[in-house]
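**Q** Next input, structure requested:
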Amino acid sequence: MPVDESAIAQGLGEVVWPARLSPVAGKLRDLLGPGAELWLDGGHNAHGTRALARALADMERARPAPLVLIMGMMNTRSPSAVLAPFAGMAERIITLTIPGETNAHDAEFIAAEARNAGFDAVAARSIPAALKSAATTPNARVVISGSLYLAGQVLLKNGTFPD
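**A** Predicted structure coming up:
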């Protein structure tokens with residue numbers, strides 16, 4: 001099936017890949033102050049978070065902003081391995097237990113692991129609580145990541161779950 005370059009270019013220009021460093025608008029974004037950004041990335045392993053860290057470094061060079069990470073992950077992942085790429089980048093890390101996931105790491109455990117790795121980290125009880133905590137950092141670039149399960153919960157809570 002032959003496909004010409006213009007069709008490929010059009011497809012790449014129109015592709016939608018939810019939770020792959022995608023901006024979030026709507027009621028969850030509204031919990032942050034003016035000037036803040038909210039991004040969602042389903043990066044759920046060390047390879048994915050290394051790619052996310054590289055993209056965030058590019059964003060930082062283009063427009064500097066304090067980075068606040070909101071992280072939740074399944075207990076099959078090592079918090080220290082997932083967080084390592086953000087050393088020296090993240091101003092704060094706010095951790096979550098993924099809602100409804102019995103195999104998720106507890107937010108307090110992830111926060112303790114992050115603090116042991118040298119991050120300023122606190123646990124939050126819910127996605128809105130994490131965002132309200134992130135809002136205390138003016139003009140922040142807030143990135144929610146660590147699990148596709150968490151990404152799904154964010155999209156659902158925001159009312160922007162893909163069709």
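**Q** all helices for this structure, in order.
**A** In the chain, the helices defined using DSSP state H lie at 5-14, 46-62, 79-83, 107-116, 127-134, 148-158.
**Q** Quick one: closest of these to residue 33.
**A** Closest of those to residue 33 is helix 127-134, at 9.4 Å (criterion: C-beta to C-beta). Where C-beta positions appear, they are placed from N, C-alpha and C, glycine not excepted.
**Q** for the helix or strand of the chain with the lowest mean pLDDT, the distance to its chain's centre please.
**A** Ranked by mean pLDDT, DSSP states H and E, the weakest helix or strand in the chain is helix 5-14, scoring a mean of 82. What separates the centre of helix 5-14 from the centre of its chain is 27 Å, taken as C-alpha atoms, centre = their mean, to the nearest Å.
**Q** For that helix, list every residue counted as buried.
**A** By neighbour count with 16 or more other C-beta atoms under 10 Å, helix 5-14 contains no buried residues.
**Q** Quick one: low-confidence residue ranges for the chain.
**A** 16-19, 163 (pLDDT under 70).
**Q** Report the central residue of it.
**A** residue 144 (2.2 Å; C-alpha atoms, centre = their mean).
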